[in-house]
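> Requesting a structural model of the entry that follows:
(2 chains)
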Amino acid sequence: MGERRLMMCNEVVAEAAIVAGCRFFAGYPISPATEVLEYMARRMRQVGGTCMLPESEISAINMLIGASATGARVMSATSGPGWDLMQEGVREMAFLQLPCVIVDVSRAPIGIGPSQGDYFQCTKGGGHGDYRLIVLAPATVQESADLTRKAFWLADRYRTPVVVLTDAALGHASEPVSFPERLEPALPPKSWAVTGAAGRRPNRVNTEDKAGLGGDSREIWGGFEAFIRELRRKYDEIEAHETEVDSFLAEDARIVVVAFGTSARVTRTAVREARKRGIAAGLIRPITLWPFPSAAIAEMAQRAEAVLTVEMNTGQMVEDVERAVGGRTPVRFLGRQGGVVPSPDEVLAAIEAAGLPVREGVHGAAQGL
Amino acid sequence: MALHKVFDRPAALTDALYAYCPGCTHGIAQRLFGEVVEEMGLIERAVAVIGSGCLSASRQVFNFDTVKALHGRAPSVATGIKRAHPELLVFTVQGDGDLAGIGAADVIHAATRGERISTCFMNNATFGMTGGQMGPTTLPGQKTTTTPDGRDPLLDGHPVRITEMLAMAQGAAYVARTALNLPTNVIRTKMAIRRAFETQLAGLGFSVLEILSACPTDWHLTPVEALRWMEHMIAAAPLGELKVPEGRAR
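Take a look at the predicted model:
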């Protein structure tokens, strides 16, 4: 166990990446993610890695494509507007099956306050085609360190981009953290990487060859369809093995709250307070936003009177919660937007109201706050 | 009398069929890359980053490692490869829409940073694969599907002189323009490819080679007419070495 240090989350994800063996970082300054880039600019020199500050996020993600194609562990960090610009490259990495880790320190679209408005873009995909990203949502600085390390392992294990989704509040939070020397299970060598075709056949990083369309294939469309199905099988495997969820007092809860990241931290406080007041509230916190822990939520919801979803947006994850619950239990929603973090009191009030009948014409007991 | 093979496909090329239209000169450039990579003994060290457009067919022709880049992003992809593995020979193969249009920022900044990569800019003054629309380098007066009366600089803007712009970049060490219209120019193109690679391997900075190429299909000319029409391109953008590494004779 390494020593505990007080560190800012943005610097922690960078250090965790270095501990995980990341030696190539490319990023563009953007609040509230810039500290990741600045930390990397200092540390990569010390560890013999590369930190690039190119002309745009578009170039940054494409530099990751090149470095990842050589087998290097690569990362970038950004926030909403930069994340928008990276979508094409991230989608390309999903299709090329190139591993990478992207930290999205999400912010409100107007201003730079904390937001969870990137949920759809991260979990449903911001690029064209048919692909998925693994999305990890830490709620503490220590968990940000642990999940960043895990993100590199998952990226290599499944040859796919992995998003570590934090926000402006968590990204700038400082908490004690340690970087344990725990080692992830070994992975096979990257025999697909382009490192010069010495002693082997040439490696080709492109979608066509991955779809089995080498040479003069005439089976082009069938090949692409088989390739997309193969990708989907990989995503099924990720769903089966990598879904992760945390719960707090949820076993016997009659009001189950679903929240992730910063809103889950606030909710934890509210749940504890609700218990003091005799309300059997509990928290289910998805750690993987994709794959989404639908089964765990469905199971808890079956025993509950109501499910409440708390987010810092106008209602994105609540759609996945509703899908998991399947209409068996009422689902309420509390959302704050524009860089506002819901207060524990607000969440507590929503928990108290969650079991009550919903007024006609109002979706969710606490909406409109 | 025994027969001797005096001319063969370079080992740096596979036996895949060339995918270009009759009279297109892209295949010549592709072969020249193969010859130079083989002659310099770089088959086991080379990585080509292949851009979008007709040239993307070269992925199955090069018999060494390749990475396909998104439209315009080959210099950034090449930067990532080269920074992660400085011992490799990394070069991009890009069309004019790719390099001078959508990817202008990537190539200018790669040149300015002095990335130790080489960029091959195949310029046929049109978007070939999408069927002959106006590209960034389309000549004034040139008819395309989107300039049916010929490119009018007042309406359609002027062609981008991207190679001249790249020559101004401090990090660019070798900048040249050649053409594939005559056998002498083909030989000069091969020499320029070699000089670009030598510049890279000597660590002198960024190298870029613009190769003027014919597109008879989209120009609606016969292959022979297309080679003659290239004289207009050469008149608008003279051939030669625009920049050579300091201390090295032209």
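
> Dihedrals phi and psi, residue A:281?
phi -100, psi 160 (degrees, to the nearest 10).

> Sorry, slip of the keys, the one I care about is residue A:196.
Torsion angles, degrees, to the nearest 10, at residue A:196: phi 100, psi 130.

> residue boundaries of the strands in the stretch 1-150 of chain A?
A:5-8, A:24-26, A:50-52, A:74-78, A:100-106, A:134-136 (DSSP state E, counting those that start in this stretch).

> Nearest to chain B, out of those strands?
The closest of these to chain B is strand A:50-52. By CB to the nearest CB, the value is 4.7 Å. From N, CA and C alone the C-beta is placed, and that goes for glycine too.

> could you check whether that closest one is close to chain B?
Yes. Contact of strand A:50-52 with chain B (CB under 8 Å from any CB of the partner chain) involves A:50, A:52.

> Sheet partners, orientation included, of that strand?
strand A:24-26 (parallel) (DSSP bridges).

> residues making contact with the strand it pairs with?
The contact list for strand A:24-26, computed with CB atoms under 8 Å, 6 or more residues apart in numbering or on different chains, reads A:14, A:17, A:37, A:40, A:44, A:49-54, A:59-61, A:63-64, A:67-68, A:72-77, B:80, B:83-84.

> Filter the residues you listed down to the buried ones.
By neighbour count, with 16 or more other CB atoms under 10 Å in any protein chain shown, the contacts of strand A:24-26 hold A:14, A:17, A:37, A:40, A:44, A:49-52, A:54, A:59-61, A:63-64, A:67-68, A:72-77, B:80, B:83-84 as buried.

> tell me the contacts of residue A:18?
Contacts of residue A:18 (CB under 8 Å, 6+ apart): A:43-44, A:47, A:49.

> Number of residues surrounding residue 82?
Since no chain was named, I'll use chain A. Look at residue A:82: counted by other CB atoms under 10 Å in any protein chain shown, it has 23 neighbours.

> Correction: the question concerned chain B.
Residue B:82: 25 neighbours (other CB under 10 Å).

> Hmm, residue B:89 and it touching each other?
No. Here residue B:82 lies out of contact with residue B:89, judged by CB atoms under 8 Å, at a distance of 9.1 Å.

> Can you tell me the closest non-neighbouring residue to the residue in chain B that chain A sits nearest to?
Distance from chain A to each residue of chain B (CB to the nearest CB) is smallest for residue B:80, at 2.5 Å. In this structure, residue B:80 finds its nearest non-sequential neighbour in residue A:66, 2.5 Å apart by CB to CB, 6 or more residues apart in numbering or on different chains.

> Just give the number of residues close to residue A:108.
For residue A:108, using other CB under 10 Å, the count is 21.

> what's across from residue B:49 in the sheet?
With DSSP bridges as the rule, residue B:49 is bridged to residue B:67, residue B:92.

> What count of nearby residues applies to it?
33.

> OK, contacts around residue B:56?
Applying CB under 8 Å, 6+ apart, one finds that residue B:56 lies in contact with B:50, B:68, B:129.

> What parts of chain B come near chain A?
Going by CB under 8 Å from any CB, the residues of chain B near chain A are B:16-17, B:43-47, B:49-50, B:59-60, B:62-70, B:73, B:76-85, B:87-88, B:105-106, B:109.

> and the residue nearest to residue A:60 when sequence neighbours are not counted, bridged to which residues?
Counting by CB to CB, 6+ apart, residue A:60 lies nearest to residue A:26, which is 4.1 Å off, once chain neighbours are set aside. Counting by DSSP bridges, residue A:26 forms beta bridges with residue A:52.

> Around residue A:26, how many other residues sit close by?
By the criterion of other CB under 10 Å, residue A:26 has 30 neighbours.

> so what pLDDT did it get?
In the prediction, the pLDDT value recorded for residue A:26 is 98.

> neighbours of the closest residue to residue A:35 other than its chain neighbours, just the number please.
Using CB to CB, 6+ apart and skipping the chain neighbours, the partner closest in space to residue A:35 is residue A:10 (3.7 Å). By other CB under 10 Å, 27 other residues sit near residue A:10.

> I figured residue A:10 hits residue A:172, correct?
Yes. The pair residue A:10 / residue A:172 is scored as a contact, 6.8 Å apart, by CB under 8 Å.

> intersection of neighbour lists for those two?
Contact with both residue A:10 and residue A:172 is made by residues A:32, A:35, according to CB under 8 Å, 6+ apart.

> Off-centre distance for the single longest helix found in chain B?
Counting residues, the longest helix found in chain B (DSSP state H) is helix B:183-201. On the basis of CA atoms, centre = their mean, to the nearest Å, helix B:183-201 sits 11 Å off its chain's mean C-alpha point.

> what's the angle from the helix or strand hosting the residue of chain B closest to chain A to helix B:183-201?
Under the criterion of DSSP states H and E, residue B:80 resides in helix B:74-84. Helix B:74-84 runs at 40 degrees relative to helix B:183-201, counting by axes from the mean of the first three to the mean of the last three CA atoms, to 10 degrees.

> just checking, what packs against helix B:74-84?
Packing contacts for helix B:74-84, counted by 3 or more CB pairs under 8 Å, 6 or more residues apart in numbering or on different chains; DSSP states H and E, involve strand A:24-26, strand A:50-52, helix A:57-69, strand B:46-50, strand B:89-95, helix B:104-113, strand B:118-123.

> Name the SS class of the closest residue in space to residue B:188 that isn't next to it in sequence, please.
Among residues not flanking residue B:188 along the chain, residue B:178 sits closest, at 5.2 Å (CB to CB, 6+ apart). At residue B:178 the chain is in strand, as set by DSSP: H, G, I helix; E, B strand; the rest coil.

> Roughly how far does residue B:178 sit from residue B:209?
Going from residue B:178 to residue B:209 by CB to CB, to the nearest Å gives 7 Å.

> which residues touch the residue of the stretch 251-369 of chain A found nearest chain B?
Using CB to the nearest CB, residue A:290 is the residue of the stretch 251-369 of chain A that sits closest to chain B, at 23.3 Å. Residue A:290 makes contacts with A:122-123, A:132-135, as judged by CB under 8 Å, 6+ apart.
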